[in-house]
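Visitor: Have a look at this prediction, sequence included:
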Amino acid sequence: METGLMADPVRDPVDDFIELDGVEKVFDVRKKTGFLRSERRQVRAVDSLSFTVARGEMVGYIGPNGAGKSTTIKMLTGILTPSAGRVRVAGIDPSRERTRLAQRIGVVFGQRTTLWWDLPLIDSYRLMHRMYRIPDARYRENLDRCVELLDLEALLDVPVRQLSLGQRMRGDIGAALLHDPEVLYLDEPTIGLDVISKAKVRSFLRDLNAERGTTVLLTTHDLTDIEQLCRRVMVIDHGRLMYDGPLTGLHEVGESERTLVVDLERELPPIEVDSARVVKVEGPRQWLAFPAAASAAELVARIAAEFPLVDLSVREPDIEAVISRMYAEKALS
Ligand SMILES: Nc1ncnc2c1ncn2[C@@H]1O[C@H](COP(=O)(O)OP(=O)(O)OP(=O)(O)O)[C@@H](O)[C@H]1O
């Protein structure tokens with residue numbers, strides 16, 4: 001790969017379940033330039049994209065806004081047809097056999113719902129039972145499992161529009177799994193969720209992958225999602241694959257930093273500690289930047305031993321920052 005940022009693959013190349021080979025997607029866009037005039041422009045949303053994902057892998061698919069992530073997922077579901085290249089999911093060409101593929105994939109778009117807004121959650125599930133022609137016993141079994149693990153019992157009779165964002169997201173994930181898909185595409189599944197809802201969603205996905213071997217492709221702006229769920233991460237920017245490997249490798253390549261936010265008992269001068277530097281102080285609260293690949297536990301232990309610590313949290317670098325550092329590194333090498 002020309003970027004030189006490909007780490008050693010963490011996956012077994014046997015049994016590739018998702019395959020993209022030289023895929024491109026170009027959109028024709030019309031832009032109004034005057035009263036009756038418009039200009040045609042082409043947007044290359046995905047460019048020479050090739051990768052494979054093995055059955056049972058859980059892969060993070062990240063990149064800045066407009067990088068081409070959703071366009072890739074739409075091509076993997078068959079909603080969009082590639083302008084060039086080859087896409088296969090479970091051996092199926094998604095855009096030619098979208099309906100057949102739909103039986104084998106589940107999709108969750110965090111910012112949109114597939115549920116019927118005015119109906120109670122259970123009615124959406126009943127409709128999906130019929131739409132996907134799920135055998136009764138299998139539907140029952142999957143429904144019971146989702147209700148239990150996603151904590152949906154109390155929500156089944158509530159109209160979707162009355163659900164909180166976190167409840168709705170759990171409802172959407174349940175809906176995507178009623179037909180036992182072999183692969184699940186998740187587009188920002190934890191966006192806007194509180195800490196507890198995020199933890200519930202992540203733990204459910206981890207169990208699903210471990211117990212059922214469901215292949216998961218996860219798009220997110222939250223690096224903690226990736227850290228807790230995926231051994232492998234792919235970074236896309238301007239429609240091109242920039243990195244493919246473990247998250248730790250991405251931190252090394254991008255030399256990114258995490259931030260430890262500490263609340264002290266009282267206002268104190270900036271903390272002095274070897275492996276971190278204070279970047280902000282606001283009353284008794286201090287922000288310390290430290291290398292993302294270093295252990296937060298060690299740093300916390302050192303600070304706790306010397307300073308009157310009341311509370312703390314660790315903030316992951318945002319993806320845009322990691323990627324811009326990655327480019328800076330590349331320019332220097
Ligand atoms: N239907 C469309 N018509 C024209 N341009 C499009 C269309 N869909 C996407 N694009 C453009 O293609 C590029 C990639 O968009 P895409 O939605 O795939 O990015 P993304 O990585 O999912 O971004 P985000 O994180 O903001 O969701 C952007 O420049 C976008 O404006």
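Guide: Structure's in. What do you need?

Visitor: List the contacts of the helix or strand where residue 140 lies.
Guide: For residue 140, the element it lies in under DSSP states H and E is helix 136-149. Residues from elsewhere that reach helix 136-149 (C-beta atoms under 8 Å, 6 or more residues apart in numbering): 125, 129, 134, 152-153, 156, 173-174, 177-180, 204, 207. From N, CA and C alone the C-beta is placed, and that goes for glycine too.

Visitor: Repeat that for stretch 207-217.
Guide: 17-18, 53-59, 61, 73, 76, 149, 177, 180-186, 205, 229-230.

Visitor: Among those, which ones are in helices?
Guide: Under the assignment DSSP state H, the contacts of stretch 207-217 contribute 73, 76, 149, 177, 205, 229 to helices.

Visitor: Rank these by pLDDT and give me only the lowest.
Guide: Lowest pLDDT among the ones in helices among the contacts of stretch 207-217: residue 149, with 83.

Visitor: quick revisit: redo the contacts of helix 136-149 as TSV? Include neighbour count and distance to residue 292.
Guide: Output for those, formatted as TSV (neighbours: other C-beta atoms under 10 Å; distance: C-beta to C-beta, whole Å):
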residue	neighbour count	distance to residue 292
125	23	41
129	19	44
134	20	43
152	20	35
153	9	39
156	16	41
173	24	28
174	26	34
177	22	32
178	23	38
179	21	38
180	16	37
204	19	26
207	13	27
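
Visitor: now the helix holding residue 140, how far from the chain's geometric center?
Guide: 25 Å (C-alpha atoms, centre = their mean, to the nearest Å).

Visitor: Keeping just the C-alphas, turn that helix into CSV.
Guide: Taking C-alpha atoms only, helix 136-149 is exported to CSV below (Å, rounded to 0.1, in the frame of the first residue of the first chain):
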residue,chain,number,x,y,z
ASP,A,136,-41.9,-18.7,14.1
ALA,A,137,-39.6,-20.7,16.5
ARG,A,138,-36.5,-18.8,15.4
TYR,A,139,-38.3,-15.4,15.7
ARG,A,140,-39.4,-16.3,19.3
GLU,A,141,-36.0,-17.4,20.3
ASN,A,142,-34.2,-14.4,18.9
LEU,A,143,-36.8,-12.0,20.3
ASP,A,144,-36.5,-13.5,23.8
ARG,A,145,-32.7,-13.3,23.6
CYS,A,146,-32.7,-9.6,22.4
VAL,A,147,-35.3,-8.7,25.0
GLU,A,148,-33.2,-10.2,27.8
LEU,A,149,-29.8,-9.0,26.8
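
Visitor: This completes my enquiry, with thanks.
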